[in-house]
Each structure stands twice: as C-alpha cells, then as structure tokens.
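J.: Task: produce atomic coordinates for the following.
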Amino acid sequence: MEPDLPPSPILDRWFAEGPWTVAFPLLVAGAILAWWGARNDRARPIMAGVGCLLAAAGALAIAAVRTSPGEHAAYAVRELVARAEAADVEGIQALLSPDASFHHGSPRSPGQGVDRLMRAAETLRSRHRIDSNDVTRLELATLSPDRGAVVLACRTTTASSWGPVPTRWWIEVARTPAGDWRIDRIAWLALMDRAPDPSLP
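T.: Residues are numbered from 1 along each chain as shown. Purely as a prediction, here's the structure:
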C-alpha cells in the first residue's frame, strides 16, 4: 500500500507551508469589520479590523522568513527534477547525502546505496534521456525539525518510451550536521500505477 504523507506540525503548516490558511480569514474579517465600523461611524470595529489585518500581515511575514523542513524538501525535489531533465548527473549527486538510499515500492522496503542511485542517474544521458516531463503532483510535509518529505508524481517521455509514462516517488530530505539540506531517501513508489520492478534502473 502506498504511504501517505503525515500532516505537518500545526505551526509549520499554518505559518510556513500554508500561511494563507490563517491570513485569508483574518483579511476577510478585518475588511468586513473596518467597513462596518466606518459605515456606522464606530471606532471599535475599525480598530478590531485593523488588528485582524495586522495579524494577517504578521502571519505572511513569518512565512516569508521561515522555511520549514517540508519546504526545504520541496525545494530540493524541484532542483532534482530540473537536473534530471537536463541529464546533469553531477548536479544530481550534489543534492544527495553520502548515505542516501534508493528503495522500490515503499520508503520502508530494503534500500540500496548512492552507487545504485548514480547508476540510475547515468541512464538519463542515454536510453532514459528525458524528452519531456510534467510534474502532476508535489505534496510536502514536515516529518521532524530536521526532516521533510515530498510525494512527487510525473508524466515523463524518455528516449526509450512510447509516450508519457506516469511515475510516483517518495523523497526525504534531511538537515546535515553542517546545516545544509540533502536528499537522503528516494523511494520509487509506482510505474504506471504498479510497483516498479527492482531490476529497473
């Protein structure tokens, strides 16, 4: 069974990954209160409306300066996709942690190491060169203060395919002791809605 992303912690979800969840209701409430107070010449609703607008601005400001682990994961995955499309094998390796692992079917299945990942990446320069790629899903979550995850789905046409091929992936990114963020787990969840054969690159 394909894994689901867990919900991010509330503060990450509301004030980093989805600040409009908080800001939009505050903006609407602030505008309504300010309009009603001005229309009826009442100061207290106007002040309450201004307070709501300031709170919305504060939520958006926090989101602008705070990056959650889930957002770090999404950024790394977008970079990974761009480098795969360009067949930039060295660039792909630079995104990986030295102990990154590659899994088939589930992130909990037995994994293989960076060498296996790089052998798969090398095929992007030959039989699996990407001709076109559309990202159809990119969902993120914060798993812990030092780890984020993304579920990625693509429709990809390669030099060896007859047309766009749908795939799904689970990708985890972790903070290193040096403070940067590296991909340390890639799980190939599905190929055309089926678990991929472990022998495939």
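
J.: Just name whatever secondary elements the longest strand seen in the chain is in contact with.
T.: Ranked by number of residues, the top strand in the chain under DSSP state E is strand 130-144. Packing contacts for strand 130-144, counted by 3 or more CB pairs under 8 Å, 6 or more residues apart in numbering; DSSP states H and E, involve helix 69-85, strand 147-158, strand 165-175. Every residue, glycine included, has its C-beta placed from N, CA and C.

J.: as a whole number, average confidence for whatever helix or strand comes next after the shortest one?
T.: So that's strand 165-175. The helix or strand immediately downstream of strand 165-175 is strand 181-191, counting by DSSP states H and E. What strand 181-191 shows for mean pLDDT is 94.

J.: go on, stretch 155-171?
T.: 93.

J.: can you list contacts of it?
T.: 2-3, 73, 76-77, 80, 103, 106-107, 126-134, 136-137, 149-154, 183, 185-193, 196 (CB atoms under 8 Å, 6 or more residues apart in numbering).

J.: Of those, keep whichever come out buried.
T.: 73, 76-77, 80, 103, 107, 128, 130, 133, 149-154, 183, 185-189, 191, 196 (16 or more other CB atoms under 10 Å).

J.: what's the residue closest to the geometric middle of this protein?
T.: Nearest to the mean C-alpha position of the chain, by CA atoms, centre = their mean, lies Ala74 at 2.7 Å.

J.: so what's it up against?
T.: Neighbour list for Ala74: Leu138, Leu140, Gly148, Val150 [criterion: CB under 8 Å, 6+ apart].

J.: mind checking how far it is from Arg13?
T.: 14 Å (CB to CB, to the nearest Å).

J.: do Ala141 as well
T.: Taking CB to CB, one finds Ala141 at 9 Å from Arg13.

J.: For those two, list the residues in contact with both.
T.: Pro7.

J.: What's the first helix or strand after the lowest-mean-pLDDT helix or strand in the chain?
T.: Lowest on mean pLDDT, DSSP states H and E among the helices and strands of the chain sits helix 10-12, with a mean of 74. Following helix 10-12 in sequence order, the next helix or strand is helix 20-39 (DSSP H and E).

J.: what comes into contact with that next one?
T.: With contact meaning CB under 8 Å, 6+ apart, helix 20-39 is reached by 13-15, 42-53, 55-57, 59-60.

J.: In PyMOL, select just the buried ones from those residues.
T.: Buried residues among these (16+ other CB under 10 Å), as a PyMOL selection:
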select buried, resi 13+14+15+45+46+48+49+52+53+55+56+59+60
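
J.: Among the contacts of helix 20-39, which lie within helices?
T.: In helices, defined here by DSSP state H, the members of the contacts of helix 20-39 are 43-53, 55-57, 59-60.
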